[in-house]
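Trainee: next input, structure requested:
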Amino acid sequence: MTVTENEPVVPRAAVERAKNILIKPAAEWSVIDAEPATIQGIYRNYLVYLAAIGPVARFIGDVVFSHASVLAAVVVAVITYVVWLVVIYVMGLVIDALAPNFGGEKNPVQAFKVAAYSSTASAVTGVFAIVPALSGLAILGLYGLYLLWLGLPKLMKVPQEKALQYYAVLLGVLLVAGLVIGAVLAPVMMMTRFGI
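Mentor: Residues are numbered from 1 along each chain as shown. Below is the predicted model of the structure:
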């Protein structure tokens, strides 16, 4: 498929969704809650673009500023991209599995919506990797925790009195999963960074 002059590379709807979830999240979660969706559709129309921001920025930063080899930078970018897409899927599974324990409804699509759209902030802040000196600004991605807090009880239909417990348990599970993923990937990333 070729991109024509009138056809944007990133669909306008994806840009609008990212903007709305970041700027007016409460209202956007209501829209997201009500709209029909599929996991494949969210991947195809949103996540494939969102997930590319950090890896592409890091590739440019590595090659231009860190003088890494192009091959090593490509390997790191591809691994980062694929892992990010997998992590969002796993996060959706965890959100769905935990919901009934806190009075919520089991719904894999709604859970995936929460995982996908709450990750917007961390994905967008990946752009700071383009200039290694600015990469510390990626901490702004923690805004995603607020997005998760807003969307989680709404989409998973968790009673307000159990929302904090659900959120805390989910964060604990995600933290442990993140540490495991980081430990597994760190040696691979270091090997590719140093051309080993």
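
Trainee: tell me the phi and psi of the spatially most central residue of the chain?
Mentor: Nearest to the mean C-alpha position of the chain, counting by Cα atoms, centre = their mean, stands S119 at 3.4 Å. Backbone torsions of S119, given as degrees, to the nearest 10, read phi -80, psi 0.

Trainee: any idea of the pLDDT on it?
Mentor: Note for S119: predicted pLDDT of 95.

Trainee: the closest residue to A123 other than its chain neighbours: neighbour count?
Mentor: Of all residues beyond its chain neighbours, the one nearest A123 is L50 (4.4 Å), with distances taken as Cβ to Cβ, 6 or more residues apart in numbering. C-beta coordinates here come from the backbone N, C-alpha and C atoms, glycine included. Burial of L50, expressed as a neighbour count using other Cβ atoms under 10 Å, amounts to 25.

Trainee: who does the worst-scoring helix or strand of the chain on mean pLDDT touch, helix- and strand-wise?
Mentor: Every helix and strand in the chain was compared by mean pLDDT, DSSP states H and E; the lowest is helix 160-193, with a mean of 84. On a contact count with 3 or more Cβ pairs under 8 Å, 6 or more residues apart in numbering; DSSP states H and E, helix 160-193 meets helix 70-98, helix 143-156.

Trainee: quick one, the last one and helix 70-98 angle?
Mentor: Computed by axes from the mean of the first three to the mean of the last three Cα atoms, to 10 degrees, the angle separating helix 143-156 from helix 70-98 equals 40 degrees.

Trainee: could you pull up the mean pLDDT of helix 143-156?
Mentor: Rounded to a whole number, the mean pLDDT of helix 143-156 is 96.

Trainee: in that helix, what counts as buried?
Mentor: Neighbour counts using 16 or more other Cβ atoms under 10 Å place Y143, G144, L147, L148, W149, L150, G151, L152, P153, K154, L155, M156 of helix 143-156 among the buried residues.

Trainee: the closest residue to L140 other than its chain neighbours - how many residues pack around it?
Mentor: If the residues on either side of it in the chain are set aside, L140 comes closest to T125, at 4.9 Å by Cβ to Cβ, 6+ apart. Look at T125: counted by other Cβ under 10 Å, it has 22 neighbours.

Trainee: mind checking the SS state of T125?
Mentor: Under the three-state scheme (DSSP: H, G, I helix; E, B strand; the rest coil), T125 adopts helix.

Trainee: quick one: stretch 172-188 to chain centroid distance?
Mentor: Here stretch 172-188 shows a centroid-to-chain-centroid distance of 15 Å under the convention Cα atoms, centre = their mean, to the nearest Å.
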